[in-house]
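Enquirer: Quick one: sequence and predicted model below, then my questions.
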Amino acid sequence: MDIAYIPSPDNGVWHIGAVPLRGYAFCILAGIFVAIWLGGRRWEARGGKRTTVTDIAIWAVPFGLVGGRLYHVITTYEPYFGKDGNWVDAFKIWEGGLGIWGAIALGAVGAWIGCRLRGIPLPAYADAVAPGIALAQALGRWGNWFNQELYGRETTLPWALKITRADGERVPGLYHPTFLYESLWCVGVALVVIWADRRFKMGHGRAFALYVALYCAGRGWIEYLRIDEAHEPFLGIRLNVWTSIVVFVLAVVYMILSARMRPGREAVVEPERGADAKAAAETGGKDDGDDGDDESVVLTKGDDADEEAAGSEDGDDAPEGKDAAEGDDSPAENEGADAASKS
């Protein structure tokens, strides 16, 4: 007799008339909403406009959904293009099957397009939305609970999962609820990234890289517990485990090199829409000078801000160094004073 376990829903789809309401889709949509809401708050705190996150999400979300589905279909092609497979099912995204690696990769392409249109540097935007993406994954994993998929090995733990099919048939045994493990892990990742970003003022994409590294670390051991079908291309290790290892290493290397090459956090001041956005996108992400100060204006607002930033960075029209500050009788300073008095 089972003392304690997590039950599975008897049904993951409800109908209002002829309109189906799917638990999987609801979890994905809830995750997207939370990611945009939190990302907007963090972007606004960085100096941007909260609505900009929504503007860019219009590009990032569809790209991410397509990328996630493509990764799943390519790496698990048998149900769609294998023997007795049906290629039409590849388009049935509501039945489950989104690969996070493809979603992040192609979603980043969509975000890059949106950032270019708004004149915003992609690394700064990625830092702002990173914790929200982790929370979106945490919510999205509950969609696997509704679909009764992605569970782990058999276990006798009190939080084991009992699988009940849509027809009411129960799968014998109790299993690790790997969807729950990953959901809780992603919540922890979001909290750690928020803390680290506040504590160390991470910039230039390092907060996003930290999210990627932490997620990969968790995905590796969670994937080890799963028993669903997956490719084992090398040394009997699942493809997603190898992907986690490679992406983890890349994320850590990026954080190290980025911290050395571009220390500190860039400040963000959004340009107005239009021509200024295009100009800012071409010059965005540049620091003030060569000393790696913590704050550097990477975007400007309007023509006046452009001229001020250029003057402070290049020093063409401003006094330089100690001589400019103390040289009361210097010809350059006298000429500047005469010009100021005439204007």
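Expert: Perfect, thanks for sending it.

Enquirer: Report the contact partners of the closest residue to Ala57 other than its chain neighbours.
Expert: Distance criterion CB to CB, 6 or more residues apart in numbering; nearest residue to Ala57, sequence neighbours excluded, is Ile36 at 5.2 Å. All C-beta spots, glycine's among them, are computed from the backbone N, C-alpha and C. Listed by CB atoms under 8 Å, 6 or more residues apart in numbering, the contact set of Ile36 reads 53-54, 57, 132.

Enquirer: What is the most widely separated pair among these?
Expert: Using CB to CB, the pair of those lying farthest apart is Thr54 and Gly132, separated by 12.0 Å.

Enquirer: quick one, which of those two is more surrounded?
Expert: Legend: neighbour count by other CB atoms under 10 Å for Thr54 and Gly132, higher for Gly132 (28 against 15).

Enquirer: Which helix or strand contains the more buried one?
Expert: Gly132 is part of helix 122-140, with elements assigned from DSSP states H and E.

Enquirer: Show me what the following helix or strand past that helix packs onto, helices and strands only.
Expert: Next helix or strand after helix 122-140 toward the C-terminus (DSSP H and E): helix 142-147. Counting contacts by 3 or more CB pairs under 8 Å, 6 or more residues apart in numbering; DSSP states H and E, helix 142-147 packs against helix 23-45, helix 178-200.

Enquirer: quick check, distance from the last one to the centre of its chain.
Expert: Distance of helix 178-200 from the chain centroid (CA atoms, centre = their mean, to the nearest Å) equals 12 Å.

Enquirer: quick one: average confidence on the helix or strand immediately after it in the chain?
Expert: Proceeding N to C from helix 178-200, the next assigned helix or strand is helix 206-225, under DSSP H and E. Helix 206-225 carries an average pLDDT of 94.

Enquirer: If you count neighbours, what's buried in helix 206-225?
Expert: Of the residues in helix 206-225, 206-220, 222-223 count as buried by neighbour count, 16 or more other CB atoms under 10 Å.

Enquirer: Determine the angle, from 0 to 180 degrees, between the helix holding Gly132 and helix 206-225.
Expert: Calculated by axes from the mean of the first three to the mean of the last three CA atoms, to 10 degrees, helix 122-140 forms an angle of 30 degrees with helix 206-225.

Enquirer: who does helix 122-140 touch, helix- and strand-wise?
Expert: helix 23-45, helix 50-75, helix 100-118, helix 178-200, helix 206-225.

Enquirer: got the CA coordinates for the shortest one in CSV?
Expert: Spelled out, that is helix 100-118. The C-alpha trace of helix 100-118 is given here as CSV (Å, rounded to 0.1, in the frame of the first residue of the first chain):
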residue,chain,number,x,y,z
ILE,A,100,15.2,24.3,-23.7
TRP,A,101,18.4,24.4,-25.6
GLY,A,102,16.7,25.2,-28.9
ALA,A,103,14.3,27.6,-27.2
ILE,A,104,17.2,29.6,-25.7
ALA,A,105,19.3,29.5,-28.8
LEU,A,106,16.6,30.6,-31.3
GLY,A,107,14.9,32.8,-28.7
ALA,A,108,18.2,34.7,-28.4
VAL,A,109,18.1,35.3,-32.2
GLY,A,110,14.6,36.8,-31.8
ALA,A,111,15.8,38.9,-28.8
TRP,A,112,18.7,40.2,-30.9
ILE,A,113,16.4,41.3,-33.6
GLY,A,114,14.2,43.1,-31.1
CYS,A,115,17.2,44.7,-29.4
ARG,A,116,18.5,46.0,-32.7
LEU,A,117,15.2,47.6,-33.6
ARG,A,118,15.1,49.3,-30.1
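
Enquirer: Can you spell out the domain ranges of the protein, please?
Expert: Domain segmentation of the chain under automatic domain parsing yields 13-261, 266-317.

Enquirer: Between its first and last residues, how far does the first one reach?
Expert: In other words, domain 13-261. This stretch, domain 13-261, spans 51 Å end to end (CA to CA, to the nearest Å).

Enquirer: how distant is that domain from the center of its chain?
Expert: On CA atoms, centre = their mean, the centre of domain 13-261 falls 9 Å from that of its chain.

Enquirer: re earlier: would a markdown table of the helices and strands packed on helix 122-140 with distance to Leu157 be doable?
Expert: Shown next, in a markdown table, are the helices and strands packed on helix 122-140 (distance: least, CB to CB, whole Å):
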| stretch | distance to Leu157 |
| --- | --- |
| helix 23-45 | 24 |
| helix 50-75 | 28 |
| helix 100-118 | 25 |
| helix 178-200 | 11 |
| helix 206-225 | 11 |
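
Enquirer: and Lys92, which of those helices is closest to it?
Expert: Once the helices and strands packed on helix 122-140 are compared by CB to CB, helix 50-75 is nearest, at 9.6 Å.

Enquirer: Please point out which parts of that closest one sit buried.
Expert: 52-53, 56-57, 59-61, 63-73, 75.

Enquirer: And the next helix or strand past that helix?
Expert: Next along from helix 50-75, by DSSP H and E: helix 78-81.

Enquirer: Please state the mean pLDDT value computed over that following helix.
Expert: Rounded mean pLDDT across helix 78-81 is 83.

Enquirer: next one: stretch 31-43
Expert: Mean pLDDT, stretch 31-43: 97.

Enquirer: And for stretch 16-23?
Expert: On average, stretch 16-23 scores 84.

Enquirer: Give me the contact list for that stretch.
Expert: By CB under 8 Å, 6+ apart, stretch 16-23 touches 9, 12-15, 94, 142-143, 145-147.
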